[in-house]
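J.: Sequence and predicted structure, then a few things I'm wondering about:
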Amino acid sequence: MRVIRIDASSATILLTEAPAPKVRDRQTGEIAKDAVSNEVLMTIGVVYIEDGESSLIKVTVPESGVTDGLTLGAPVSLVGLVARPWESVFNGQQRHGIAYRATAVAPGAFPMAEAV
């Protein structure tokens, strides 16, 4: 599947869920790791606000990309944010969605208001 780069420079992104290890298998509790680096993957929840619209999304970030100083409700910056469409068959049912991944998450700032 194609990876789509996301330009989030004009968006406001607020942290809604603190970083937590991504679970690969809910039955065994196995933690997800990057296929290439074998690094533990973390998930965060954010609200992504742009052009008057908002979406709650989960973003996967490698553990080394989680910066100290993150505060719930505060703006964050998602470095290298990409979206990857996916689809699979689970219990005979077709499922699909979009997976979001970033190389790092760091404390951010609210975008500057445009001059009128």
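T.: Perfect, I can see it now. Numbering: from 1, shown residues only.

J.: these two touch, right, residue 95 and residue 85?
T.: No. Assessed by Cβ atoms under 8 Å, residue 95 is found out of contact with residue 85, at 11.9 Å. Placement of C-beta: from N, CA and C, glycine included.

J.: residues touching residue 102, list them.
T.: Residues near residue 102 by Cβ atoms under 8 Å, 6 or more residues apart in numbering: 59, 60, 61, 65, 78, 79, 80, 81, 82.

J.: no no, residue 39
T.: 33, 62, 63, 64.

J.: With respect to residue 27, which of these is nearest?
T.: Set against residue 27, the nearest of the contacts of residue 39 by Cβ to Cβ is residue 33 (17.2 Å).

J.: ok, the closest residue to the closest one other than its chain neighbours to residue 54 distance?
T.: Leaving aside its sequence neighbours, residue 33 sits nearest to residue 40 (Cβ to Cβ, 6 or more residues apart in numbering; 5.8 Å). Separation of residue 40 from residue 54 (Cβ to Cβ, to the nearest Å): 29 Å.

J.: and residue 86, how many neighbours?
T.: If you count neighbours by other Cβ atoms under 10 Å, residue 86 ends up with 11.

J.: meant to ask about residue 52
T.: Neighbours around residue 52, by other Cβ under 10 Å: 5.

J.: likewise residue 59?
T.: 24.

J.: Right, I'll call it a day here.
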